[in-house]
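*Asks:* just to be clear, the model below is a prediction. Sequence and coordinates:
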Amino acid sequence: MYLPKAFAIDDLSQLHELILATRLAIVVTHGEHGLQASHVPVLLHREQGPNGTLYGHLAKANPQWKDLRDGAEALVIFPGADAYVSPGFYPSKAEHGKVVPTWNYVAVHAYGNAETFSDGGRLLDIVSTLTNRHEAGRAQPWSVDDAPADYIDGMLKAIVGFAIPIDRLEGKRKLSQNRSTADIAGVREGLSASPDLYDQALAHLMPKE
C-alpha cells in the first residue's frame, strides 16, 4: 500500500480496532491459478503472536484454500470508511483555484502465511464465534445450536479453516491531513451535510479543531 507518513497508522491497538470494525475482509493470494481473492468474515485473536492472528474459512469448493495450504503469502484487506472529496469543499478553491478531487479513506492490510485445517472442532468454534458476533443485538439471535447437529456436521465438511499469524500490518487513514486547517474543516462539513451514509461515516472520523 502506498503509505505517505502523514497518513500512516502505527499504533497496533488502532490497527486492531479497525480490523474488528470491518465486517467483511478480502483475502488475496497468488498461486497456481494466479491471483485469487475471496470476500470473507474473519476473526482477530489479538493475543496470538506479536501482531495477532486472523481466523476464517473458505468453501472447500473454492480453490483458493489450496494457495493458503501451499504456503502462499496472504494479503487480507480490511476496507474502512471512504468518501469522494470534491474541490468545492475547500475554501482555498476561492483563493487560488489550485485544487483537484481526491478520495479520503481508511484501510488496513495484514500479511502472513496461513495454516489450513479441516478439524471439525476448530471449524465449529470459528463458525460459532462468527455467528454469535454478527447475531449479537438481534431480538432473537440465531445460534449454530439451533440447527440439527448432523446438518451442521455436513456443512463443516464442506469448508476449510485457516489461521494467518500476522507478520506485517499496514494501516492508512487518509483524512485530508495534508490540507490546511480550513480545508479540513470544509471537507468535514461538506461530507457531514451529504445524504450519503458513507460520506457521513468518513466525516465522523475526520479531525476536529
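*Replies:* Received it, and whenever you're ready, just let me know what you need. Numbering: from 1, shown residues only.
*Asks:* distance from the worst-scoring helix or strand of the chain on mean pLDDT to the middle of the chain?
*Replies:* The helix or strand of the chain with the poorest confidence is helix 92-96; it has a mean of 80 (mean pLDDT, DSSP states H and E). When C-alpha coordinates are averaged (CA atoms, centre = their mean, to the nearest Å), helix 92-96 and its chain have centres 36 Å apart.
*Asks:* can you check stretch 77-93 too?
*Replies:* 19 Å.
*Asks:* care to break this protein down by domain?
*Replies:* 5-118+161-199, 120-156 (automatic domain parsing).
*Asks:* dump the ones you listed to a markdown table, plus mean neighbour count and distance to Pro207.
*Replies:* Where C-beta positions appear, they are placed from N, C-alpha and C, glycine not excepted. Below are the domains of the chain laid out as a markdown table (neighbours: other CB atoms under 10 Å; distance: least, CB to CB, whole Å):
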| stretch | mean neighbour count | distance to Pro207 |
| --- | --- | --- |
| domain 5-118+161-199 | 17 | 7 |
| domain 120-156 | 12 | 30 |
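*Asks:* in a markdown table, list those domains along with distance to Met206.
*Replies:* Shown next, in a markdown table, are those (distance: least, CB to CB, whole Å):
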| stretch | distance to Met206 |
| --- | --- |
| domain 5-118+161-199 | 4 |
| domain 120-156 | 27 |
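*Asks:* which residues touch the nearest residue to Ser86 once chain neighbours are set aside?
*Replies:* Of all residues not flanking Ser86 in the chain, Pro101 sits nearest, at 6.2 Å (CB to CB, 6 or more residues apart in numbering). Taking CB atoms under 8 Å, 6 or more residues apart in numbering, we find Pro101 in contact with Tyr84, Val85, Ser86, Pro87.
*Asks:* for the third one, give its distance to Lys93.
*Replies:* Spelled out, it's Ser86. Per CB to CB, to the nearest Å, Ser86 is found 9 Å from Lys93.
*Asks:* can you give me phi and psi for the residue nearest to the spatial centre of the chain?
*Replies:* Nearest residue to the geometric centre of the chain (CA atoms, centre = their mean): Phe78, 1.7 Å. Main-chain dihedrals, Phe78, degrees, to the nearest 10: phi -120, psi 90.
*Asks:* mind listing the helices for the chain?
*Replies:* 12-21, 64-69, 92-96, 120-135, 149-156, 181-192, 197-205 (DSSP state H).
*Asks:* mean pLDDT lowest for which of these?
*Replies:* Mean pLDDT per stretch puts helix 92-96 lowest among the helices of the chain, at a mean of 80.
*Asks:* which outside residues touch that helix?
*Replies:* Applying CB under 8 Å, 6+ apart, the external contacts of helix 92-96 come out as Pro87, Lys98, Val99, Arg179, Ser180, Ala182, Asp183.
*Asks:* let me know which of the domains of the chain is the nearest to Leu205.
*Replies:* domain 5-118+161-199 (6.0 Å; CB to CB).
*Asks:* centre of the chain versus that closest one, how much separation?
*Replies:* Distance of domain 5-118+161-199 from the chain centroid (CA atoms, centre = their mean) equals 5 Å.
*Asks:* what's the first-to-last distance across it?
*Replies:* 24 Å (CA to CA, to the nearest Å).
*Asks:* kindly report the same for stretch 161-180.
*Replies:* Distance across stretch 161-180, first residue to last, is 47 Å (CA to CA).
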